[in-house]
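A.B. asks: Provided below for reference: sequence and predicted model.
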Amino acid sequence: MKEGAAMTGKARISGTFRTRRNHLHFPDSPETPLMQKEELKEQFTDLMSKFTAYFGKHLADDVMESLKSLRAKQTSEISKIIYDAMFDDMALAKDRNVPMCQDTGVIQYFVKCGAKFPLLGELEECLREATKRATKEAPLRHNAVEIFDEKNSGNNTGKRIPWIDWQIVPDSDDVEIYAYMAGGGCSLPGAAKVLMPLEGYEGVVKFVFDIICDRGINACPPLLVGVGIAGSVDVAATLSKRALMRPVGSKNENPVGAEFEKLIADGLNEINIGPGGLTGTDSVMGVNVEQAARHPSCIAVAVNVGCWAHRRALIRVHSDMSYEFLSHKGAVL
Ligand code: SF4
């Protein structure tokens, strides 16, 4: 893995890939499509394995920028010490090529797959294998424990894990994949509830504040707070996690929603949780709200939280397996 290499246009997985692919193309052979598919699967799995191992060691550009700007604002000694410890930790992780936090989480992939992407049908299998390889290569802590059996698989895969959230995009042959490490501490505050209709948006705000005041400290602040608002709890929960995939500093597409985000963030920054939960002025990097139209009789709200080590990455892979590493500018896998 190299960092800082110049990226002009699309990066290639391998300089020999185009040659090898051409070499495999024998139009008269009935075995060719299968061979090509197997080659593509291997290229894609290898790429996703490197991608998954990488983002546990290097924060996305937006998260890094947010932490730098928060560090520059700190006035109390304890807050400065906490932020400096974070940057020391990240420098050590980079130097030693190891994850920046011992809890590398349960792996989740949020997939926007073009209907014409050549590995649409194989994507889940590839991501499972990529997770197993990344677990060895990174290495990642073993965090997949089967429900009821209470056995750890030892490779970060299990029933429905890595979790894959699917969106299919018509008329595209690319795939965009957000990957996320759902750590224990940052998953702990997660909660969802269907409010009575009269509770309204005030009820949504109260719910968010109750959750962050009660459990936000478990998630190693400063936090990125994801809020989902919808008509049912399942949709709200999904949206609250998708909200964490949005860049820090981005705004809700609805101007009222954007103002709502700002008001909640300003309020959470007043409650004195501070970096590391050791008190201070800046408790959140931001609040991202995602919404879906609701039933008139109910309003559902869900909260998911990202920690200071918000390990989230975005890659776009094209049908020829070339890629753009969108969240980590200049990084090459
Ligand atoms: S909340 Fe984040 S930084 Fe804290 S232990 Fe969990 S994964 Fe690591």
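C.D. replies: Right, received. Where do you want to start?
A.B. asks: and residue 75, how many residues sit next to it?
C.D. replies: By the measure other C-beta atoms under 10 Å, the count of residues near residue 75 is 8. No exception for glycine: its C-beta is placed from N, CA and C like everyone else's.
A.B. asks: so who does it touch?
C.D. replies: Residue 75 makes contact with residue 281, according to C-beta atoms under 8 Å, 6 or more residues apart in numbering.
A.B. asks: do the same with the one 3 residues further on
C.D. replies: Listed by C-beta under 8 Å, 6+ apart, the contact partners of residue 78 are 274, 278-280.
A.B. asks: and it, how far is that from residue 221?
C.D. replies: Separation of residue 78 from residue 221 (C-beta to C-beta, to the nearest Å): 13 Å.
A.B. asks: who touches both of the two?
C.D. replies: What both residue 78 and residue 221 touch, as defined by C-beta under 8 Å, 6+ apart, is the set residue 274.
A.B. asks: return the subset of the contacts of residue 78 lying in strands.
C.D. replies: Secondary structure from DSSP state E places none of these in strands.
A.B. asks: tell me, which of those residues make contact with the ligand?
C.D. replies: Among the contacts of residue 78, proximity to the ligand is found for none (C-beta under 6 Å from any ligand atom).
A.B. asks: closest one to the ligand out of those, please.
C.D. replies: Checking those against the ligand with C-beta to the nearest ligand atom, the nearest one is residue 278 at 13.3 Å.
A.B. asks: just the pLDDT at residue 34, thanks.
C.D. replies: For residue 34, the model assigns a pLDDT of 80.
A.B. asks: how about the residues of the stretch 101-250 of the chain by the ligand?
C.D. replies: Residues of the stretch 101-250 of the chain lying near the ligand (C-beta under 6 Å from any ligand atom): 101, 103, 183-186, 219-220.
A.B. asks: could you dump these to JSON lines with pLDDT and secondary structure?
C.D. replies: Listed next are those as JSON lines, based on pLDDT from 0 to 100; DSSP: H, G, I helix; E, B strand; the rest coil:
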{"residue": "101", "pLDDT": "97", "secondary structure": "coil"}
{"residue": "103", "pLDDT": "98", "secondary structure": "coil"}
{"residue": "183", "pLDDT": "97", "secondary structure": "coil"}
{"residue": "184", "pLDDT": "97", "secondary structure": "helix"}
{"residue": "185", "pLDDT": "97", "secondary structure": "helix"}
{"residue": "186", "pLDDT": "95", "secondary structure": "helix"}
{"residue": "219", "pLDDT": "97", "secondary structure": "helix"}
{"residue": "220", "pLDDT": "97", "secondary structure": "coil"}
